[in-house]
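Student: Could you look at this predicted model? Sequence included:
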Amino acid sequence: MPRLLFVIHDDYFFCSHRLHLGRAALDAGFEVYVATRVQHHAKVIEEAGLKVLPIGLHGGFQSPFHELTSLIELIRLYRRIQPDIVHHVALKAILFGGVAARIAKTPAVVNAITGLGYMFESGEWRRRLLRSAIAPVMRWGFAHPHSVAIFQNNDDREVFVRAGIIKRTQAVMIRGAGVNVSEFRPTPEPLGIPVVVLPARMLWSKGVEEFVLAARLLKANGVRARCVLVGTVDKKNPSTITETQLRRWEEEGVVEWWGHCDDMAGVFAASHAVVLPSYGEGLPKSLLEGAASARALIATRVRGCQEIVRDGENGVLVPVKDPHALAHAISTVLGNKVLRERMGARGREIVVNEFTTEWVAEETISLYRRLLVDGQASSLAHVTTSQVMSAPHEQTSKGVVESAKGVSREARA
């Protein structure tokens, strides 16, 4: 069986965003491994039939010694497992994994850009210096002859193409990780004071401060609303908000902080609107889940958020870092139940048509198959590229996987 290896910095993030894809790949005939920093979700991954490989890779940047150790660990892992395809998720895994894949001569690579993150958030000199340092390394990793990069929005793709990090022909658009529309489904609005939730990691870059300022404005103007923050503190991220600060805002009485919640479907069912005043995203899963739950959305007019929020249709877009505009949008949406219901219904329709987990899995596995066929064309001297690429596009997964088995064995010989 062709071996597929996911490399991702956190087991929880894999479960929340990629577990469905791992299951689909398993069903399509792949042997699936997950290399991740194991915390609390290894059992969930293993129960799905995937093989967990604990690694020390962190999401943030650590000491030079730790980073070098992580790189060497990945090189050794790739040489030992010998995957036919390695799927890197997020920038840190892409940076280190791209180097490891080229050194270990991994046949095919998929790089999933989930957002530009801390390094691309501003022009502050430290971030510019870091970008300048890692850009040549990323170019070398992306230069793998059988690699593609998955982008969640066109803006992120253009950043990488214009910077010369990746060729346009290698860039593929698959918007988001997908939503389970059976789990996140419409429910009646709860009774009582309207609830507006901001579901995200507690980072300044998610617009948490603007949400708090907007909550103060709503309270000062006599608007009845419960403004709720839902998410955990990310201590590894330089943009994190401390728990002390979150508690201060709670004590002030303008927002509630619910912390980490495993039952996000229940959170959306308890809400009337979903807010994300972020400075920039890949494609926020929280907004996709909120829309699937038939809740009106309020977000900033930035990359990623605009992929799901259609202004005036399923939500409202506001300028970035503008708490007054945010407060006005929240007040307008919470004050009009008919508007909320119309936006919620339209949001559900958009997700069902464009953003389901089934669609994302189908597109991604199709990408894996194409990479396997490309590898077959370049690996077998007696088969020409034109013969392989002219094979019927509608092959079954079993047929493609069977045709790749010989390539896998030959590559490992």
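Tutor: Right, received. Where do you want to start? Computed from a predicted model, the values in this text were never measured in an experiment.

Student: OK, contacts around residue 34?
Tutor: For residue 34, the residues meeting the contact criterion (C-beta atoms under 8 Å, 6 or more residues apart in numbering) are 5, 6, 8, 11, 14, 22, 45, 50, 51, 52, 53. C-betas here are computed from N, CA, C, even on glycine.

Student: what pairs with the first one across the strands?
Tutor: It stands for residue 5. Beta-bridge pairing of residue 5 under DSSP bridges involves residue 33, residue 86.

Student: Next one: residue 109 from residue 222, what distance?
Tutor: To residue 222, residue 109 is 56 Å away according to C-beta to C-beta, to the nearest Å.

Student: neighbour-wise, which of these two wins?
Tutor: residue 109 (25 against 6; other C-beta atoms under 10 Å).

Student: Next, that one: phi, psi?
Tutor: Torsion angles at residue 109 (phi, psi; degrees, to the nearest 10) stand at phi -140, psi 140.

Student: how near is it to residue 323?
Tutor: Using C-beta to C-beta, residue 109 is found at 42 Å from residue 323.

Student: just for the stretch 51-200 of the chain, where's the confidence low?
Tutor: Residue ranges of the stretch 51-200 of the chain with pLDDT under 70: 59-62, 117-133.

Student: how about the helices in it?
Tutor: 64-81, 91-103, 125-142, 154-162 (DSSP state H, counting those that start in this stretch).

Student: List the buried residues in stretch 229-241.
Tutor: 229, 230, 231, 233, 234, 237, 239, 240, 241 (16 or more other C-beta atoms under 10 Å).

Student: just the residues you listed now: which is nearest residue 184?
Tutor: Comparing the buried residues of stretch 229-241 against residue 184 with C-beta to C-beta places residue 230 closest, at 14.3 Å.

Student: for the closest one, what are its contacts?
Tutor: If you count contacts by C-beta under 8 Å, 6+ apart, residue 230 has them with 197, 198, 199, 200, 258, 259, 261, 264, 267.

Student: Can you flag which of these belong to strands?
Tutor: Applying DSSP state E to those, the entries found in strands are 197, 198, 199, 258, 259.

Student: How about the secondary structure of the closest residue to residue 77 other than its chain neighbours?
Tutor: In space, not counting the residues next to it along the chain, residue 77 is nearest to residue 35; the distance is 6.1 Å by C-beta to C-beta, 6 or more residues apart in numbering. Using DSSP: H, G, I helix; E, B strand; the rest coil, the three-state assignment for residue 35 comes out as strand.

Student: Ok, residue 238 next?
Tutor: For residue 238, the secondary structure call by three-state DSSP comes out as coil.

Student: so how far is residue 275 from it?
Tutor: Distance, residue 238 to residue 275, using C-beta to C-beta: 23 Å.

Student: which one of the buried residues of stretch 229-241 is nearest residue 332?
Tutor: Here the nearest of the buried residues of stretch 229-241 to residue 332, counting by C-beta to C-beta, is residue 229; it sits at 21.0 Å.

Student: residues contacting that closest one?
Tutor: By C-beta under 8 Å, 6+ apart, the contact set of residue 229 is 197, 198, 202, 208, 211, 246, 255, 256, 257, 258.

Student: Check the residues you listed for burial and list the buried ones.
Tutor: 197, 198, 202, 208, 211, 246, 255, 257.

Student: before we move on, the earlier item: got TSV for the buried residues of stretch 229-241, with pLDDT and distance to residue 327 too?
Tutor: TSV is the format used below for the buried residues of stretch 229-241 (pLDDT from 0 to 100; distance: C-beta to C-beta, whole Å):
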residue	pLDDT	distance to residue 327
229	98	16
230	98	19
231	95	21
233	93	25
234	85	26
237	79	26
239	85	23
240	93	25
241	96	20
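
Student: Count the neighbours of residue 288 for me.
Tutor: 26.

Student: Reduced to three states, what does it come out as?
Tutor: With three-state DSSP as the basis, the three-state label of residue 288 is helix.

Student: State the pLDDT value of the residue nearest to residue 77.
Tutor: With respect to pLDDT, residue 35 has a value of 97.

Student: Check the contacts of residue 229 and tell me the two furthest apart.
Tutor: Checking those against each other with C-beta to C-beta, the farthest-apart pair comes out as 197 and 246, at 14.6 Å.

Student: that older thread, hmm, residue 5 and the residue nearest to residue 77 touching each other?
Tutor: Yes - using C-beta atoms under 8 Å, residue 35 and residue 5 qualify as a contacting pair, with a distance of 6.2 Å.

Student: Find residues that contact each of the two.
Tutor: Residues within reach of residue 35 and of residue 5 at once, by C-beta under 8 Å, 6+ apart, are residue 53.

Student: can you list the weak-confidence ranges in the stretch 251-400 of the chain?
Tutor: Scanning the stretch 251-400 of the chain for pLDDT under 70 picks out 375-400.

Student: What are the boundaries of the helices in it?
Tutor: When assigned using DSSP H, counting those that start in this stretch, the helices of the stretch 251-400 of the chain occupy the ranges 264-269, 285-292, 305-308, 323-334, 337-354, 357-379, 385-389, 397-412.

Student: Dump those to CSV, plus distance to residue 102.
Tutor: Converted to CSV, those look like this (distance: least, C-beta to C-beta, whole Å):
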stretch, distance to residue 102
helix 264-269, 38
helix 285-292, 30
helix 305-308, 31
helix 323-334, 45
helix 337-354, 35
helix 357-379, 15
helix 385-389, 22
helix 397-412, 15
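
Student: which of these is buried the deepest?
Tutor: helix 285-292 (a mean of 27; mean count of other C-beta atoms under 10 Å).

Student: helices or strands up against that helix?
Tutor: In terms of contacts (3 or more C-beta pairs under 8 Å, 6 or more residues apart in numbering; DSSP states H and E), helix 285-292 is packed against strand 195-199, helix 264-269, strand 273-276, strand 296-300, helix 305-308, helix 337-354.

Student: who's in contact with that helix?
Tutor: Counting by C-beta under 8 Å, 6+ apart, helix 285-292 makes contact with 16-17, 176-179, 181, 184-185, 199-200, 264-265, 268, 271, 274, 276, 297, 299, 305, 308-309, 314-315, 344, 347-348, 350-352, 355, all of which sit outside it.
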